[in-house]
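J.: sequence-free structure coming up:
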């Protein structure tokens, strides 16, 4: 009986594995939600918030300037004050990068994260600082260079999820 169950699982289990495209898409959706959490907390607390991207470590963290001193040390107290996502690791088969995709429309910046210093900051009104255009974070599959999503953030602070399709471009 145990052998029969093991054989059945060996046949069925691979079908439950997410495709590279789906895995990257879900990571992008989570990132967009986390960015929105940071922006919302900046608005509701009337203070500044930051999302810092650690490209090589494949993670990012959210922080709130809880003491109002206008600076971030990216400490445990600051990510706890955000009351959101803290520090989040990307899924194992996802990393920061553009893969085979070109830049999203209206963004000519290079790199996996186009925010200055790999940091996205919101002021007390939920607006991106500095306000000289928008930035983008690209996520790609570690096994498929065509499985790419991007999360762009406009100067008003609104995130937008883009999906790369080699046949049709950015959607």
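T.: Now that the structure is in, tell me what you want to look at. On a predicted model such as this, the values are computed, not experimentally measured, just so you know.

J.: Now do residue 125 against residue 43, distance only.
T.: Applying Cβ to Cβ, to the nearest Å, the value for residue 125 to residue 43 is 7 Å. All C-beta atoms are positioned from the backbone trio N, CA, C, and that covers glycine.

J.: Neighbour count for these two, which is higher?
T.: residue 43 (17 against 12; other Cβ atoms under 10 Å).

J.: Show the contacting residues for that one.
T.: Taking Cβ atoms under 8 Å, 6 or more residues apart in numbering, we find residue 43 in contact with 122, 124, 125, 126.

J.: Any chance of JSON lines for these, columns pLDDT?
T.: Shown next, in JSON lines, are the contacts of residue 43 (pLDDT from 0 to 100):
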{"residue": "122", "pLDDT": "95"}
{"residue": "124", "pLDDT": "94"}
{"residue": "125", "pLDDT": "95"}
{"residue": "126", "pLDDT": "93"}
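
J.: Now restrict the residues you listed to buried residues only.
T.: Neighbour counting with 16 or more other Cβ atoms under 10 Å marks 122, 126 as buried within those.

J.: which one among the contacts of residue 43 gets closest to residue 107?
T.: residue 122 (18.7 Å; Cβ to Cβ).

J.: these two touch, right, the closest one and residue 37?
T.: No. At 10.6 Å, residue 122 does not count as touching residue 37 under the criterion of Cβ atoms under 8 Å.

J.: how near is residue 136 to residue 122?
T.: 16 Å.

J.: I meant to write residue 21 there.
T.: Distance from residue 21 to residue 122, by Cβ to Cβ: 30 Å.

J.: can you check residue 47 too?
T.: In terms of Cβ to Cβ, residue 47 sits 9 Å off from residue 122.

J.: same thing with residue 130?
T.: Distance from residue 130 to residue 122, by Cβ to Cβ: 12 Å.

J.: which residues does the most centrally placed residue in the chain contact?
T.: Nearest to the geometric centre of the chain sits residue 31, at 3.2 Å (Cα atoms, centre = their mean). Residues in contact with residue 31 (Cβ under 8 Å, 6+ apart) are 60, 137, 139, 151, 159.
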